[in-house]
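> Turn this into a structure:
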Amino acid sequence: MTQSRRKQGTSKPPTRGKRRQVAALPWRGEGETLRVLLVSSRETRRWVIPKGWPMKGKLDHAAAAQEAYEEAGVEGVIEQASIGTYDYLKGLKSGVSRPVTVEVYPLRVTVEHKVWPEKGQRTLQWVTPVEAALSVQEPDLRDLIARFAGVELPKEERPAPMRAPTPMRVALQRLRRRVTALWGRDRG
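Residues are numbered from 1 along each chain as shown. Next up, the predicted model:
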């Protein structure tokens, strides 16, 4: 890897067709007291970990630590090596969704600030690793959290990966919603 690429904040070449983000996996405690910090996303309010775009002039792990401070008000010791990646669809302001690969860096939290840049815009929640894994929407992030914490997820609570709907199924779902809406108007 070239020194110039590291300075620009990229630890490896971009994945073709996908944008890249960096994320921190904030944690504290050990063994039975191990907890993971989840934050709510601003738009969809689903549970996620602090993440954002790589930052010019910062290494990826440092950018992930910066995101943890801005989104969750936490600081600590961040690992320089990623523990893995997960993919998700990022909804853009234009309404289009774009595939994004997120590189995850563990952050052992040592400081929790009372005030931070995005306070009030997100909800924070310290949870057990199993609760964290089962709360996130992305299957690869769920597995990454479980692997990091060394926990086995209950088989009965582990949802099967959802298959992407076919264009025909999407069209039928839209038609069903329209018919249901019209049916309700006529009956009322």
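
> How about the contacts made by residue 123?
With contact set as Cβ atoms under 8 Å, 6 or more residues apart in numbering, residue 123 has these partners: 39-40, 45. Where C-beta positions appear, they are placed from N, C-alpha and C, glycine not excepted.

> Summarise which helices and strands the lengthiest strand in the chain is packed against.
Looking across the chain with DSSP state E, the single longest strand is strand 97-112. If contacts are counted by 3 or more Cβ pairs under 8 Å, 6 or more residues apart in numbering; DSSP states H and E, strand 97-112 sits against strand 19-28, helix 60-72, strand 74-78, strand 84-91, helix 139-149.

> And the ones you listed: which comes nearest residue 97?
Closest of these to residue 97 is strand 84-91, at 4.2 Å (criterion: Cβ to Cβ).

> tell me which residues in the closest one are buried?
For strand 84-91, the buried set under the neighbour-count rule, 16 or more other Cβ atoms under 10 Å, comprises 84-86, 88.

> For that strand, output the C-alpha coordinates as CSV.
Coordinates of each C-alpha in strand 84-91 appear next as CSV, following Å, rounded to 0.1, in the frame of the first residue of the first chain:
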residue,chain,number,x,y,z
GLY,A,84,-14.1,-7.0,8.9
THR,A,85,-16.6,-5.4,6.6
TYR,A,86,-20.3,-5.4,5.9
ASP,A,87,-22.4,-4.1,3.1
TYR,A,88,-25.6,-2.1,3.1
LEU,A,89,-27.7,0.1,0.8
LYS,A,90,-27.2,3.8,1.6
GLY,A,91,-30.3,5.9,0.8
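
> Below-threshold pLDDT in the protein: ranges please.
1-17, 156-171, 184-188 (pLDDT under 70).

> Give the full set of residues in contact with the one residue sitting closest to the centre of it.
In the chain, the residue lying closest to the centroid (Cα atoms, centre = their mean) is residue 48, at 4.0 Å. Applying Cβ under 8 Å, 6+ apart to residue 48 gives the contacts 38-41, 136.

> now, which of those residues sits nearest residue 59?
Nearest member of the contacts of residue 48 to residue 59, counting by Cβ to Cβ, is residue 39, at 22.1 Å.

> For the strand or helix carrying that closest one, which strands pair with it and how are they oriented?
Residue 39 is part of strand 35-40 when elements are defined by DSSP states H and E. Strand 35-40 pairs in its sheet with strand 19-28 (antiparallel), strand 47-48 (antiparallel), strand 124-127 (antiparallel), by DSSP bridges.
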